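Chemist: Fold the following and give me the result.
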Amino acid sequence: MTVVGLDDTDSRERGMCTTYAAATLAASIRDAGGTVERLLLVRLNPAVEHKTRGNAALAVHTDLDADAARTLVEDVLDMAETDDPRTNPGAVVADCDPDAVPPQVETFAREAIQSIQAPTAATTLADVVGFARCQRGNGRGLVGALAAVGAWAALSDWTYEHIAYRERERWGTERTVDTESVRAAADEHYPTVWDTVDRESGYPVCVPRTPCPILYGIRGDDPGACRAAADAIESEPIARRATFVTNQGTDVHLQDAPLDAVEADSAYRVTGDVAVAPETRAGGHVFVTLEGDGATLDCAAFEPTKGFRDRVRSLRVGDRVTACGEVSDGTLKLEKFAVRDLVRTEPVTPDCPDCGRSMKSAGRTQGYRCRDCGTSADGKVDRPVERALERGWYEVPPVARRHIAKPLVRGGFDAPTHPAR
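Modeler: Next up is the predicted model:
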């Protein structure tokens, strides 16, 4: 077997897409007489500065000879938008089975999903294990390319995405996709197929807004269901289709850590108590502070998360919460959170048991007394609090979800879930 890893062929402004490069490579391999066992779409650390949108790297698993594959991948790299100085594609060609890569490459793949990796580390490791590599520009894409090579051995939770690509002359123009057919397909195949439409806003999440070649992408837990949903969508002509095995929707980027151990540019799952009541700041962003492990950490639900912010606003000081998200500039950007324990009562001034009026303070450390009836109480009493939250997991809506973040509807969580559709 041969594994070809690709990354960084696209541009934020000029378009292209590394999934399209991989699909093109797969077609070239078949034309050359090889077979393609699978296409792998690997989402890497979402905190990387140089990413375009979803920080995807790709791998093609094939039986084509490694030397022949390298010749073909050189041609594919020429498709990259290298007129953009931030586009620096790279490819790695490994002459081995995808589940038999050297262990240090497997480790590199996991680390590239959870932390920042230097291009020099990728080039050095590729040379040490004897993998061929090729690049354009400074070769920063070699990081993702090598990670994509090691991902099959490194990961165990996989989902699928079926992608339809536009005709070349339509790239960069407004897409023609019938949104009603998208909504109908989403309703029919949910929950096996997820994050196709944001139900609250009605926005078709599966249709990108960038000038890339993708017309739409359907994600889910079953490749047949993804293809069936795609077949039901009415749209402009489709030039090519491809189904990818992917780590999207798996939360594999999250690291479990105490609050005092989080670092910038990585994503975490942390647990603490609400120390400062939620605050809505300029722009509609909602912030809440957690404390624990001798440290505090600000968490933020930004305006694009829409109604999810109301869930955060409903937290109270003393609630115990598990928060998930990327840490940047000392703030965790919330992707989801779990309510572990809710404050159910609050201390209030007691009412007189005789007349029902609120008692008054009898003086410092003297408790409370009813001035009319003479009844007294030692101190404040607990009153039940109505809470808008329940125990369990809450998440951002599909329109604000990271590609790699696991939708609650996929299950496997350690508490009840309240999925957002």
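Chemist: Enumerate the positions of the lengthiest strand in the chain that are buried.
Modeler: Longest strand in the chain, counting residues (DSSP state E): strand 266-280. By neighbour count on 16 or more other C-beta atoms under 10 Å, the buried set for strand 266-280 is S266, A267, Y268, R269, V270, T271, G272, D273, V274, P278. C-beta: built from backbone N, CA, C; applies to glycine.
Chemist: okay but H189 is in contact with A229, surely?
Modeler: Yes - contact criterion C-beta atoms under 8 Å: H189 and A229 qualify, at 4.5 Å.
Chemist: Settle it for me: which of these two has more neighbours?
Modeler: The neighbour comparison of H189 against A229 (other C-beta atoms under 10 Å) goes to A229, with 26 against 21.
Chemist: In a helix, the more buried one, correct?
Modeler: Yes - assessed with DSSP: H, G, I helix; E, B strand; the rest coil, A229 lies in a helix.
Chemist: these two touch, right, it and Y190?
Modeler: No - counting by C-beta under 8 Å, A229 sits too far from Y190 to count as a contact (9.2 Å).
Chemist: Overlap in contacts, those two.
Modeler: T196 (C-beta atoms under 8 Å, 6 or more residues apart in numbering).
Chemist: if we can go back for a sec, go through the helix or strand that the longest strand of the chain is followed by and flag the buried ones.
Modeler: Per DSSP states H and E, the first helix or strand lying C-terminal to strand 266-280 is strand 286-292. Neighbour counts over strand 286-292 (16+ other C-beta under 10 Å) mark V286, F287, V288, T289, L290, G292 as buried.
Chemist: closest to R364 among those?
Modeler: T289 (30.9 Å; C-beta to C-beta).
Chemist: How much space separates that closest one from A323?
Modeler: Per C-beta to C-beta, to the nearest Å, T289 is found 11 Å from A323.
Chemist: shared neighbours, those two?
Modeler: Common neighbours of T289 and A323, counting by C-beta under 8 Å, 6+ apart, are L297, C299.
Chemist: if we can go back for a sec, quickly name whichever of the buried residues of strand 266-280 is closest to A239.
Modeler: A267 (34.8 Å).
Chemist: Could you give the bridge partners of that closest one?
Modeler: L254, E326 (DSSP bridges).
Chemist: that older thread, common neighbours of H189 and A229, please.
Modeler: T196, G220.
Chemist: Show the residue spans covered by the helices in the stretch 151-300 of the chain.
Modeler: Assigned by DSSP state H, counting those that start in this stretch, the stretch 151-300 of the chain shows helices spanning 179-189, 223-231.
Chemist: Reformat those as JSON lines; add mean pLDDT and distance to R170.
Modeler: Below are the helices of the stretch 151-300 of the chain laid out as JSON lines (pLDDT from 0 to 100; distance: least, C-beta to C-beta, whole Å):
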{"stretch": "helix 179-189", "mean pLDDT": "97", "distance to R170": "18"}
{"stretch": "helix 223-231", "mean pLDDT": "98", "distance to R170": "18"}
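Chemist: Out of those helices, which one sits most buried?
Modeler: helix 223-231 (a mean of 19; mean count of other C-beta atoms under 10 Å).
Chemist: From the contact counts, what lies against that helix?
Modeler: Secondary-structure packing of helix 223-231 (3 or more C-beta pairs under 8 Å, 6 or more residues apart in numbering; DSSP states H and E): strand 159-166, helix 179-189, strand 193-194, strand 214-220, strand 238-246.
Chemist: between that helix and strand 159-166, how big is the angle?
Modeler: Following axes from the mean of the first three to the mean of the last three C-alpha atoms, to 10 degrees, one obtains 30 degrees for the angle between helix 223-231 and strand 159-166.
Chemist: Quick one: residues contacting T159.
Modeler: Neighbouring residues of T159 by C-beta under 8 Å, 6+ apart: R219, G220, D221, V245, T246, N247, Q248, G249, T250, R410.
Chemist: so where is the stretch 251-400 of the chain shaky, pLDDT-wise?
Modeler: For the stretch 251-400 of the chain, no stretch has pLDDT under 70.
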